[in-house]
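K.L.:
Just need the structure, nothing else, for what follows:
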Amino acid sequence: MLEIVVVLCSCSDSEAARRIANALVDERLAACVSILPGVESVYRWQEKIESASEALLLIKTTSEGFPALREKILELHSYDTPEIIALPVVAGFEKYLPLDRQVCPTPAAGKDGTDETENHPLSDKALRSYRDSLWGSA
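P.N.:
Residues are numbered from 1 along each chain as shown. Presented below is the predicted three-dimensional model:
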């Protein structure tokens, strides 16, 4: 099932983040990438608590496209073990969510020629149904 995901990826600095963001959008692996500069990360490394100033990428894509996106990040990233974490989007502004359809467009017809658009996981009907299952009908 195709779903929208937001991928978190920390980078050493804004320049590295911008390089990765541009590549992901250019290759249609992400619909949009937001760069948050000046993020401070605190972590344990080799039994010591460390901190670093980084830039965080918020990458909007689909679960189907995640494997290719992950491979591209691994190819471009300067860290040996970069943070690459995908989180599902459970609800959102209906007019914004089609942005991610630019990466994986909604199919117009099924294999048997019938229209599958209304049953697609990113369709307005499917999103309303999912939202209603979480919070009840409006």
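K.L.:
Flag the shaky bits of the protein, pLDDT-wise.
P.N.:
By pLDDT under 70, the low-scoring segments of the chain are 1-2, 98-138.
K.L.:
So which residues of this protein form strands?
P.N.:
4-11, 32-45, 48-62, 85-88 (DSSP state E).
K.L.:
Go through the ones you listed and pick out the most buried.
P.N.:
strand 4-11 (a mean of 21; mean count of other Cβ atoms under 10 Å). From N, CA and C alone the C-beta is placed, and that goes for glycine too.
K.L.:
the inter-axis angle of that one versus strand 48-62?
P.N.:
Angle, strand 4-11 to strand 48-62, by axes from the mean of the first three to the mean of the last three Cα atoms, to 10 degrees: 140 degrees.
K.L.:
what would the strands of the chain look like in CSV with distance to residue 75?
P.N.:
What follows is these, written out as CSV (distance: least, Cβ to Cβ, whole Å):
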stretch, distance to residue 75
strand 4-11, 13
strand 32-45, 16
strand 48-62, 15
strand 85-88, 17
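K.L.:
Which one, of those strands, ends up nearest to residue 21?
P.N.:
Residue 21 sits nearest to strand 32-45 of all these, at 3.8 Å, using Cβ to Cβ.
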